[in-house]
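Engineer: Give the three-dimensional model of this entry:
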Amino acid sequence: MRFLVRKRRTAPAVIIVALIDVLIVLVIFLLVTTTFKQSPSLHLTLPESTTALKSGANENPPILVSIDAQGLIRLGLEKLPVTLDQLQDKLIAEADKARTEKRDPKMVIMADQGTPWARMVNVMDAGAKASIKSISAVTKGNGKS
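Structural biologist: Predicted coordinates for the structure are as follows:
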């Protein structure tokens, strides 16, 4: 009589290295497909204009000055708060820097709809004292033609 000899099964093993590889691929996939929303820290309500220019790539970036509804002035893309005297000094420095790079300095003012007009005039005067010839204001298009 022959008895059947049973072989012992090996315990199932989980391959951790393969799981880590799959996890890394999933993390990379999530990073690539996630859209990052840029939320501005300064909320401005721009006045509307039917002749507003469309924004696009610009080789000569302008000096950006933002004014909120309370009349607080902020300079640059970083939105650093400045006083009117500091603004004039920084505009002079930026205009000189632009001229050394052989380009015309430009200033763009983004003012809230409720900004006092006197504050707008003060900022435009500061740009004129810095010898900036191209001063423009940003408006929001209303979508009508």
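Engineer: how about Asn60, secondary structure?
Structural biologist: Under DSSP: H, G, I helix; E, B strand; the rest coil, the three-state class of Asn60 is coil.
Engineer: So Arg6 lies in a helix, does it not?
Structural biologist: No - assignment of Arg6 by three-state DSSP gives coil, placing it outside any helix.
Engineer: okay, now it: neighbour count?
Structural biologist: Neighbour count of Arg6, defined by other Cβ atoms under 10 Å: 6. Every residue, glycine included, has its C-beta placed from N, CA and C.
Engineer: so what's it scoring on pLDDT?
Structural biologist: The per-residue pLDDT reported for Arg6 equals 74.
Engineer: now swap in the one 4 residues further on and tell me
Structural biologist: At Thr10, the model reports a pLDDT of 79.
Engineer: Ramachandran angles for it?
Structural biologist: phi -80, psi 150 (degrees, to the nearest 10).
Engineer: For the residue minimising distance to the centre of the chain, which residues are in contact?
Structural biologist: When Cα atoms, centre = their mean is applied to the chain, the residue found nearest the centroid is Leu77 (6.4 Å). Shown in contact with Leu77 (Cβ atoms under 8 Å, 6 or more residues apart in numbering): Leu64.
Engineer: Tell me the spacing between it and Ser134.
Structural biologist: 18 Å (Cβ to Cβ, to the nearest Å).
Engineer: and what of Ala118?
Structural biologist: From Ala118 to Ser134 the distance is 22 Å (Cβ to Cβ).
Engineer: who has more neighbours, those two?
Structural biologist: Taking other Cβ under 10 Å, Ala118 and Ser134 do not tie; Ser134 has more neighbours (13 against 9).
Engineer: Excluding residues flanking it in the chain, which one is nearest that one?
Structural biologist: Nearest in space to Ser134, with sequence neighbours left out and distances taken as Cβ to Cβ, 6 or more residues apart in numbering, is Lys106 at 4.3 Å.
Engineer: residue contacts, that neighbour?
Structural biologist: Asn60, Pro62, Ile63, Ile132, Ser134, Ile135, Ser136.
Engineer: what about the chain, any weak spots by pLDDT?
Structural biologist: 1, 36-42, 50-59, 140-145 (pLDDT under 70).
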